[in-house]
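Peer 1: got a predicted model here, sequence first, then my questions.
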Amino acid sequence: MRKGRWAGVNPTLREVAAYFLRLGFTAFGGPAAHIAMMEEEVVRRRRWMSRERFLDLLAFANLIPGPSSTELAIFIGYEQAGVPGLLAAGICFILPAFAMVLALAWAYVRYGQLPPAAALLYGVKPVIIAIVLQAVLSLGRTALKGRFLWAIGLAATAASLMGVNALLLLLAAGVVALAPRALARVHFAVPLHSLFLFFLKVGAVVHGSGYVLLAFLHDDLIERTRWLTEAQLLDAVAVGQVTPGPVTTTATFIGYLLAGVPGAAVSTVGIFLPGFLFVAFTRPLIPRLRSSPAASAFLDGVVVASLALMAAVTWQLWRGAVVDATTTLIALAAALALFAFRLNSAWLVLGGGLLGLLSQLWRG
């Protein structure tokens, strides 16, 4: 057991790998849902770390370039089991999505269309709303330390809903949280190497969730290089959305379309490699920053803004997922199961998917 802000149980490397492998198979719903599931399991169920520690790692995952939920998984692995844990958590979280997207890419090339997944997602999406909402409320109790941070969080939520850039929002929230302390002080088909390098660049410069990939990929893959058609890009993004795990496994699908299995492999390695490196280099900075009053205040602002982004995504997901009486009932039932009975979110996701399929079959 560790003491203080970083307190928690020390799991074995096998336990870290097994958890993130399971998460990779069940983590539908995008980055906000992934973060919520990690908080539920890592903080509340397994007690690997304190909620404060989890929030610090989340803040850093949002600040550095790359897919935020994947980098949070890598951070957690690194914290629990060092460099082997870093590799195990990241690879185990990514691998299930890679395999599923690769299979879907093969089916797409073979049959010319994607297997129907709308019925599955119809039931899963309302469950995801409840999971993310629970995480926002749970983490908010720890992060919102006073009226000032509450105000920053509400402002950041509103700004996110109005479309403000996520990285700009995170940095602004950190600066605003730091401002009182600072003012008090101063009184004021394609070659493999080209695929690898392209997705390495994407992984190094795209901040936050995988959802910002679409505009980035559209400009480069359609307008500039003409490697893909508009329809192929939309299908690639759709595959990243309907499979569990990181949304950025869209790169796996695109790589397969352009260069088969080797293309899928180098594209996946390229887009995720920067995340591993960023986590490895920035993790030692977190305790030092927390020991500095000024840096700690800045990090508090980033933490609150990270939760604000999750809250904004929850609302946006709600509008897209809860579309009728059935999905409303599924969302409310999932929320009741989470808040009242603390049912494991993986079972809720599977149950939501099953209800979605049954509902579509009932309607004919």
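Peer 2: It's in.

Peer 1: lowest-confidence helix or strand of the protein?
Peer 2: helix 213-217 (a mean of 69; mean pLDDT, DSSP states H and E).

Peer 1: so after that one, what's the next helix or strand?
Peer 2: Sequence-wise, the next helix or strand beyond helix 213-217 is helix 230-242, with elements assigned using DSSP states H and E.

Peer 1: for that next one, packing partners?
Peer 2: helix 68-111, helix 213-217, helix 250-282 (3 or more CB pairs under 8 Å, 6 or more residues apart in numbering; DSSP states H and E). C-betas here are computed from N, CA, C, even on glycine.

Peer 1: redo that, cut-off 10 Å
Peer 2: Secondary-structure packing of helix 230-242 (3 or more CB pairs under 10 Å, 6 or more residues apart in numbering; DSSP states H and E): helix 68-111, helix 118-143, helix 213-217, helix 250-282.

Peer 1: quick one: which of those is nearest residue 335?
Peer 2: Ranking these by proximity to residue 335 (CB to CB) places helix 118-143 first, at 3.9 Å.

Peer 1: what residues are up against residue 278?
Peer 2: Each residue near residue 278 by CB atoms under 10 Å, 6 or more residues apart in numbering is listed here: 60-61, 63-66, 71, 74-75, 203-204.

Peer 1: of these - the most surrounded one?
Peer 2: In terms of neighbour count, residue 74 stands highest of those at 32 neighbours, by other CB atoms under 10 Å.

Peer 1: hang on, isn't that residue packed against residue 81?
Peer 2: No: Residue 74 lies out of contact with residue 81 (CB atoms under 10 Å); the separation is 11.5 Å.

Peer 1: contacting residues for residue 133?
Peer 2: Contacts of residue 133 were listed using CB under 10 Å, 6+ apart, and they are 32, 36, 310-311, 314-315, 317-318, 331, 334-335, 338-339.

Peer 1: for residue 19, same thing?
Peer 2: Counted by CB under 10 Å, 6+ apart, residue 19 has contacts 11, 38, 41-42, 45-46, 48, 73, 76-77, 80, 88-89, 92-93.

Peer 1: which of the residues you listed count as buried?
Peer 2: In the contacts of residue 19, burial by neighbour count holds for 11, 38, 41-42, 48, 73, 76-77, 80, 88-89, 92-93, counting by 16 or more other CB atoms under 10 Å.

Peer 1: biggest separation within the contacts of residue 19, which pair?
Peer 2: Greatest spacing in the contacts of residue 19, by CB to CB: 45 and 88 (19.1 Å).

Peer 1: next, work out how far apart residue 327 and residue 360 are.
Peer 2: 12 Å (CB to CB, to the nearest Å).

Peer 1: what do the two both touch?
Peer 2: Taking CB under 10 Å, 6+ apart as the contact rule, residue 327 and residue 360 both touch 122-123.

Peer 1: more neighbours: which of the two?
Peer 2: For residue 327 against residue 360, the residue with the higher neighbour count under other CB under 10 Å is residue 327, and the figures read 22 against 16.

Peer 1: look up how far residue 314 lies from that one.
Peer 2: Taken as CB to CB, the span from residue 327 to residue 314 is 15 Å.

Peer 1: same question, residue 322
Peer 2: Here the criterion is CB to CB. By it, residue 322 lies 11 Å from residue 314.

Peer 1: need the residues touching each of these two.
Peer 2: Among the neighbours of residue 322, those also in contact with residue 314 (CB under 10 Å, 6+ apart) are residue 129.

Peer 1: the two - which one has more neighbours?
Peer 2: Applying other CB under 10 Å to residue 322 and residue 314 shows that residue 314 carries more neighbours, namely 23 against 18.
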